[in-house]
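okay, predicted coordinates and the sequence, questions at the end:
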Amino acid sequence: MQTAKRKASAPPAPPAKQLREMFRSCALALLQNRPLLGASSPAMWPDRALPKPEVDALRAVGLSTEPWPDDRPDDPLARSVVDYIALIETSLTTAEAARGLKCDASRIRQRLRERSLFGLEYEGEWRLPRFQFERGRPLPGLAEVLAALAEDLSPLDLAEWFLSPNPDLEAGTGGEPLSPRQWLLRGLPPERVAAIARRL
């Protein structure tokens with residue numbers, strides 16, 4: 001009886017045309033400060049991302065922990081990679097952020113260290129996602145919200161949270177839920193967003 005387990009191989013990447021379309025869609029959403037519609041997802045397969053007992057528990061109730069099927073166009077790993085690249089490509093460089101804030105690039109780097117601005121490092125350079133700015137200026141109350149967020153929150157999760165309507169952020173009675181970005185942009189109390197941020 002053969003006991004060796006067959007190693008799972010990575011599914012082939014979606015076709016280049018499909019990847020380009022995914023990138024365009026995501027980049028457009030980010031440039032328009034719209035949510036990514038839940039497209040981002042963990043970049044690891046469950047049997048690699050979870051402890052063995054948890055994987056066994058999932059399998060015991062009939063849930064699959066196999067890689068995404070090769071013939072599915074919406075491979076979550078490819079989607080996450082595309083979302084991440086789109087986030088980087090649509091972000092501001094430190095020089096662009098400095099021009100908007102009318103300050104030196106060293107001040108931007110200082111604010112990144114202080115966590116009054118959010119950035120991600122890519123190939124030795126800092127990129128600052130656009131969702132935290134409006135007309136080149138940081139959102140009102142941004143520093144308070146960023147300070148409340150966990151430092152290890154992934155950039156994609158943070159972007160999705162900032163841009164997605166939150167049921168705890170309703171302005172007025174019967175109003176539609178606002179995203180954290182919309183809430184801050186309206187000048188509403190940042191403490192409310194910071195309290196939600198602490199629970200992430």
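Happy to help now that I have it.

lowest-confidence helix or strand of the chain?
In the chain, no helix or strand scores lower on mean pLDDT, DSSP states H and E than helix 46-49, which sits at a mean of 45.

just the helices in the chain please.
16-31, 46-49, 52-60, 76-90, 94-101, 105-114, 142-148, 155-163, 180-185, 190-197 (DSSP state H).

wait, Glu160 sits on Pro35?
Yes. Between Glu160 and Pro35 there is a contact under Cβ atoms under 8 Å: 6.1 Å. All C-beta atoms are positioned from the backbone trio N, CA, C, and that covers glycine.

if I look at the residue most central in space within the chain, how far off is Val193?
The structure's the chain has its C-alpha centroid closest to Leu156; by Cα atoms, centre = their mean the separation is 1.4 Å. According to Cβ to Cβ, to the nearest Å, Leu156 and Val193 sit 19 Å apart.

thinking again about what came up before, out of the helices of the chain, which gets nearest to Ala171?
Ala171 lies closest, by Cβ to Cβ, to one member of the helices of the chain: helix 180-185, at 7.3 Å.

buried residues in the closest one?
Residues of helix 180-185 classed as buried by neighbour count (16 or more other Cβ atoms under 10 Å): 180-184.

CA-only coordinates of that helix, as PDB, when you get a sec.
Listed next in PDB are the C-alpha coordinates belonging to helix 180-185 (Å, rounded to 0.1, in the frame of the first residue of the first chain):
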ATOM      1  CA  PRO A 180     -14.100  54.700   7.300                       C
ATOM      2  CA  ARG A 181     -12.700  56.900   4.600                       C
ATOM      3  CA  GLN A 182     -16.100  58.500   3.900                       C
ATOM      4  CA  TRP A 183     -16.700  59.000   7.600                       C
ATOM      5  CA  LEU A 184     -13.400  60.800   8.100                       C
ATOM      6  CA  LEU A 185     -13.900  62.800   4.900                       C
END
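
who does it touch, helix- and strand-wise?
helix 142-148, helix 155-163, helix 190-197 (3 or more Cβ pairs under 8 Å, 6 or more residues apart in numbering; DSSP states H and E).

and the first one, how far out from the chain's middle?
Once both centres are worked out by Cα atoms, centre = their mean, to the nearest Å, helix 142-148 turns out to sit 16 Å from its chain's centre.

please apply the same query to stretch 23-40.
Stretch 23-40 sits 10 Å away from the centroid of its parent chain (Cα atoms, centre = their mean).

where do the domain boundaries of this structure fall?
The chain is divided into the following domains under automatic domain parsing: 16-87, 91-197.
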